[in-house]
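Trainee: sequence and predicted structure below; questions after.
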Amino acid sequence: MNRNRMLIGLGVAFVVALLLSSYVYREFERVSSVRAAVPMQRIVVAAESLPLGTQLDASKLRMISWPAAQPVAGMYTHIEDCANRALITPVAENEPILESKLAPTGAGAGLAATIPTGMRAMSVAVNDVIGVAGFVTPGTMVDVLVTGSITGQGGGQNITRTILENVRVLAAGQKVQQDRDGKPQTVPVITLLVTPEEAGKLAMASTQGKIQLALRNATDNDAAVPVPVLQSAVFASDAPLTPPRHGAPKAAAPPPPYTVEVLTGDKRETKSFANQQ
């Protein structure tokens, strides 16, 4: 009797397990069919890693599937729509090509295509000292300092002042991409991204004075506005400086006269005589 009950229980458990497995299997099939039904579209991506300034063509692009319900602003669905446009930022392999990453139509390729409207690219000569031992590389941010002789009142001494702050480095030599490992690059020329007004200051500083670049953290965007430094503030002694004389020197005051007391009988007199020193 007990054995029959056990057999019946096992049979019921087997039937329940079969029903549950059938239910789970059907649910998996339903979920798979739902996923397969997600509408897709084709978008343009980079066929390989492409550096800044690259002019796009069909050999550098390819198409991949992308969920139609998750579009990315500015993406392309046809290769011909973004061909002959230059990149203004590096892109990785399989990264979508977006309108925001491309230079305007007809802007050409190379460094010129990466210059935003209203800005200028200007190069300055550097050495290991000016270029911060080669660590001023493309994409870094710098301040520009100039040392020169001041004119007018207070002339005759040098002054150092910061003329530009938070300026982006476009190129180091002819390289427009930073080394992936952050290695320094010894180059004779650095190209900076500046406004037309800043270009004028930089030209004056580099021709009439000595410039120095100060490397800054790329996340530090605050303007420090440092105070200009005079030569006298660095090299003067601790003793107070004699103030400059203006006009003709004043005549020295005459020495005080001699005073003599004269006694005549019971008379007492005081007489003064000029001091001839």
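Mentor: Looks like it came in fine.
Trainee: from now on I want contacts and neighbour counts done on CA atoms only, so please keep to that.
Mentor: Noted.
Trainee: Ala109 contacts Ala83, correct?
Mentor: No. Using Cα atoms under 8 Å, Ala109 makes no contact with Ala83, being 11.9 Å away.
Trainee: between these two, who's got more neighbours?
Mentor: Comparing Ala109 with Ala83 by other Cα atoms under 10 Å, the one with more neighbours is Ala109, at 19 against 16.
Trainee: how close does that one sit to Gly53?
Mentor: According to Cα to Cα, to the nearest Å, Ala109 and Gly53 sit 5 Å apart.
Trainee: joint contacts of these two?
Mentor: By Cα atoms under 8 Å, 6 or more residues apart in numbering, Ala109 and Gly53 have these common neighbours: Ala86, Leu87.
Trainee: could you chop the chain up by domain?
Mentor: Following automatic domain parsing, one finds the domains of the chain at 40-113, 119-235.
Trainee: count of neighbours near the nearest residue to Val44 once chain neighbours are set aside?
Mentor: By the measure of Cα to Cα, 6 or more residues apart in numbering, the closest residue to Val44 outside its immediate chain neighbours is Met63, 4.8 Å from it. By other Cα under 10 Å, 18 other residues sit near Met63.
Trainee: in what helix or strand does Met63 lie?
Mentor: Element membership of Met63, judged by DSSP states H and E, is strand 61-67.
Trainee: centroid residue for this structure?
Mentor: In the chain, the centroid-proximal residue (Cα atoms, centre = their mean) is Met141; its distance is 2.5 Å.
Trainee: any common contacting residues for Ala109 and Ala83?
Mentor: Common contact partners of Ala109 and Ala83 (Cα under 8 Å, 6+ apart): Gln55.
Trainee: can you pull the buried residues of stretch 70-86?
Mentor: Neighbour-count burial for stretch 70-86, counted by 16 or more other Cα atoms under 10 Å, picks out Met75, Tyr76, Thr77, Ile79, Cys82, Ala83, Asn84, Arg85, Ala86.
Trainee: just the endpoints, please. Distance across that stretch?
Mentor: First residue to last in stretch 70-86 (Cα to Cα) measures 26 Å.
Trainee: what of stretch 90-101?
Mentor: Stretch 90-101 stretches 8 Å from its first residue to its last (Cα to Cα).
Trainee: which outside residues touch it?
Mentor: Stretch 90-101 is contacted from outside by 43-53, 73-76, 87-89, using Cα under 8 Å, 6+ apart.
Trainee: what mean pLDDT does stretch 219-237 have?
Mentor: Here stretch 219-237 scores 84 as its mean pLDDT.
Trainee: which other helices and strands contact the helix or strand following the strand holding Met63?
Mentor: Later in the chain than strand 61-67, the nearest helix or strand by DSSP H and E is strand 120-125. On a contact count with 3 or more Cα pairs under 8 Å, 6 or more residues apart in numbering; DSSP states H and E, strand 120-125 meets strand 189-194, helix 196-208.
Trainee: one more pass at 6 Å, please.
Mentor: strand 189-194 (3 or more Cα pairs under 6 Å, 6 or more residues apart in numbering; DSSP states H and E).
Trainee: could you check the angle the strand it packs on makes with helix 196-208?
Mentor: Calculated by axes from the mean of the first three to the mean of the last three Cα atoms, to 10 degrees, strand 189-194 forms an angle of 150 degrees with helix 196-208.
Trainee: run me through the strand neighbours of strand 189-194, direction for each.
Mentor: If you go by DSSP bridges, strand 189-194 pairs up with strand 120-125 (antiparallel), strand 158-172 (antiparallel).
Trainee: pLDDT of it, averaged?
Mentor: Mean predicted lDDT for strand 189-194 stands at 93.
Trainee: can I get the CA coordinates of it in PDB?
Mentor: What follows is strand 189-194 as a C-alpha-only set of coordinates in PDB (Å, rounded to 0.1, in the frame of the first residue of the first chain):
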ATOM      1  CA  VAL A 189      57.700  74.200 -32.800                       C
ATOM      2  CA  ILE A 190      54.500  74.100 -30.900                       C
ATOM      3  CA  THR A 191      51.200  75.100 -32.500                       C
ATOM      4  CA  LEU A 192      48.500  76.700 -30.300                       C
ATOM      5  CA  LEU A 193      44.800  77.300 -30.800                       C
ATOM      6  CA  VAL A 194      44.100  81.100 -30.200                       C
END
